[in-house]
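[1] could you look at this predicted model? Sequence included:
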Amino acid sequence: MEFELLKKDTSSEARAGILTTGHGQIETPIFMPVGTVGSVKAVTQQQLNEEIKAQIILGNTYHLYLRPGTEVLEAAGGLHKFMKWEKPILTDSGGYQVFSLAANRKLNEDGAMFQSHIDGSRHLFTPEKVIDIQRIIGADIIMAFDECPPYPSEYGYARTSMELTHRWLARCVKQMAETEPKYGYSQSLFPIIQGSTFKDLRAASSEFIAGMECDGNAIGGLSVGEPEEMMYEMCALCCEYLPKDKPRYLMGVGTPWNILENIALGVDMFDCVMPTRNGRNGMLFTTKGVINIKNKRWATDFSPIDDGLDNLASQYYTKAYLRHLFVASEILGLQIASIHNLAFYLHLVKQARTHILQGDYMQWKNEMIPILKQRL
């Protein structure tokens with residue numbers, strides 16, 4: 001994997017680059033649609049490619065391990081071939097499930113014991129096993145196994161958790177070095193910074209992760225309930241320590257304005273379920289602000305969903321029609337809303353990249369955020 005930094009904004013830490021993987025190039029900053037089980041909910045791969053113009057998507061180790069399972073994925077030749085997606089894929093290691101499935105897991109030095117949410121069966125994830133599973137999945141970017149502490153966390157717990165994540169990372173790096181990719185292209189490991197919202201822990205974790213000299217680095221444990229300003233503070237601190245010549249991935253973030261603010265801090269890569277999850281509930285992010293399409297005010301609005309976007313779903317269908325689909329509980333409504341929101345997110349980061357290259361990112365960002373936040 002290679003990362004070329006093309007330009008840094010003159011008035012912020014915002015960066016524009018090109019990330020090259022075995023499945024093609026990614027123009028950064030980039031938003032990555034979440035396809036947890038090998039499917040971005042309610043959206044086809046053709047729509048991801050042609051309408052949304054996604055450059056990379058995510059899969060999840062924990063969920064793909066349970067279904068369809070590593071035997072099926074290996075027989076298919078990896079997730080790319082299984083789901084017919086020819087562009088890059090990043091897989092989350094399952095570390096977030098350590099956080100989100102807290103009632104059904106037990107942690108120790110060796111790893112995390114999970115109880116399947118599907119059938120109750122028990123499974124042990126170790127750093128080594130997680131790397132092996134991601135090798136089989138065939139992701140271009142593999143995430144290290146970590147623990148994501150909740151917010152708020154006690155200082156002692158956050159430090160113990162961070163130190164465990166660091167020890168697990170050393171084992172992930174070793175397992176990567178001792179194994180080979182299965183499908184003829186390279187795979188890159190990204191370690192994950194933890195430390196909750198404690199500055200000294202975030203600094204220590206950032207230094208440790210940077211010192212591992214992996215192909216890229218991730219910032220984890222944010223967007224888990226902490227105030228937005230605290231997220232920005234922690235992200236900025238982490239970026240101070242991370243190498244400038246490698247991509248930076250802020251995990252699980254977030255709203256359109258979160259993304260623009262964190263781009264200004266030096267982040268290159270983002271993912272979040274928000275565009276599809278909120279879309280399925282009738283919340284649309286648009287170039288003019290946030291719309292609740294279920295509101296009666298849209299019942300006779302025959303204007304396009306968003307005439308500021310050039311994708312088919314946003315231009316072709318009207319607000320009135322999309323509202324009708326939601327009121328009638330038609331599945332097509334969920335699909336149109338999901339496509340629109342994802343297309344908007346990809347449009348937004350593309351615009352951000354353009355303004356970084358033009359050298360006026362901060363001025364554009366400061367003008368855009370109040371517009372994006374307003375409720376229509």
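    Cool, got the structure.
[2] make it CA atoms for all contacts and neighbour counts henceforth
    Fine.
[3] my guess is His123 contacts Leu107. True?
    No. Applying Cα atoms under 8 Å, one finds His123 not in contact with Leu107, separated by 11.9 Å.
[4] tally of neighbours for Lys81?
    The tally of other residues near Lys81 (other Cα atoms under 10 Å) stands at 14.
[5] same check on Gln134?
    30.
[6] between His123 and Leu107, what contacts are shared?
    Residues touching both His123 and Leu107 by Cα atoms under 8 Å, 6 or more residues apart in numbering: Met113.
[7] please identify the buried residues of stretch 166-174?
    Within stretch 166-174, the residues scored as buried using 16 or more other Cα atoms under 10 Å are His166, Trp168, Leu169, Ala170, Arg171, Cys172, Val173.
[8] the stretch 101-250 of the chain: helices as residue ranges?
    127-137, 155-178, 199-211, 228-241 (DSSP state H, counting those that start in this stretch).
[9] closest to Cys272 out of these?
    For these, the distance to Cys272 is smallest for helix 228-241, at 14.9 Å, taking Cα to Cα.
[10] so Glu27, which state does it fall into?
    Classification of Glu27 by DSSP: H, G, I helix; E, B strand; the rest coil places it in strand.
[11] need the longest helix for the protein.
    helix 331-358 (DSSP state H).
[12] off-centre distance for that helix?
    14 Å (Cα atoms, centre = their mean, to the nearest Å).
[13] quick one: Ser161 and Leu222, what's the gap?
    From Ser161 across to Leu222, the span is 14 Å (Cα to Cα, to the nearest Å).
[14] neighbour count: those two, which is higher?
    Leu222 (28 against 18).
[15] who's in contact with Gln335?
    Ala42, Val43, Arg280.
[16] most neighbours among these, please name it.
    Arg280 (21 neighbours).
[17] and stretch 314-329, average pLDDT?
    When pLDDT is averaged over stretch 314-329, the result is 97.
[18] just the CA coordinates for that stretch, please, in PDB.
    The C-alpha trace of stretch 314-329 is given here as PDB (Å, rounded to 0.1, in the frame of the first residue of the first chain):
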ATOM      1  CA  SER A 314     -31.500  12.600  -5.500                       C
ATOM      2  CA  GLN A 315     -32.400  14.300  -8.800                       C
ATOM      3  CA  TYR A 316     -35.000  11.900 -10.200                       C
ATOM      4  CA  TYR A 317     -37.300  11.400  -7.200                       C
ATOM      5  CA  THR A 318     -39.300  14.200  -5.500                       C
ATOM      6  CA  LYS A 319     -39.600  14.800  -1.800                       C
ATOM      7  CA  ALA A 320     -43.300  14.200  -2.000                       C
ATOM      8  CA  TYR A 321     -42.800  10.800  -3.600                       C
ATOM      9  CA  LEU A 322     -40.200   9.700  -1.100                       C
ATOM     10  CA  ARG A 323     -42.400  10.800   1.800                       C
ATOM     11  CA  HIS A 324     -45.300   8.800   0.300                       C
ATOM     12  CA  LEU A 325     -43.000   5.700   0.200                       C
ATOM     13  CA  PHE A 326     -42.200   6.100   3.900                       C
ATOM     14  CA  VAL A 327     -45.800   6.700   4.900                       C
ATOM     15  CA  ALA A 328     -46.800   3.600   2.900                       C
ATOM     16  CA  SER A 329     -43.900   1.600   4.400                       C
END
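[19] run through who's touching it.
    Residues contacting stretch 314-329 (Cα under 8 Å, 6+ apart): 282, 293-295, 298-307, 309, 331-334, 336-337, 340.
[20] kindly recompute the last result at 7 Å.
    293-294, 298-307, 309, 332-333, 340 (Cα atoms under 7 Å, 6 or more residues apart in numbering).
[21] domains in the chain, as residue ranges please.
    2-272, 280-373 (automatic domain parsing).
[22] identify all contacting residues around stretch 80-90.
    Residues contacting stretch 80-90 (Cα under 7 Å, 6+ apart): 21, 23-24, 38, 45, 55-59, 73, 76, 139-142.
[23] Thr20 belongs to a strand?
    Yes. Under three-state DSSP, Thr20 sits within a strand.
[24] okay, the closest residue to it other than its chain neighbours: pLDDT?
    Distances taken as Cα to Cα, 6 or more residues apart in numbering place Glu2 nearest to Thr20, at 5.1 Å, with adjacent residues excluded. On pLDDT, Glu2 comes in at 98.
[25] right, and Glu2 touches Ile18 too?
    No. Glu2 lies out of contact with Ile18 (Cα atoms under 7 Å); the separation is 8.1 Å.
[26] what is the burial count for the closest residue in space to Val273 that isn't next to it in sequence?
    Leaving aside its chain neighbours, Val273 sits nearest to Val34 (5.9 Å; criterion: Cα to Cα, 6+ apart). The tally of other residues near Val34 (other Cα under 10 Å) stands at 25.
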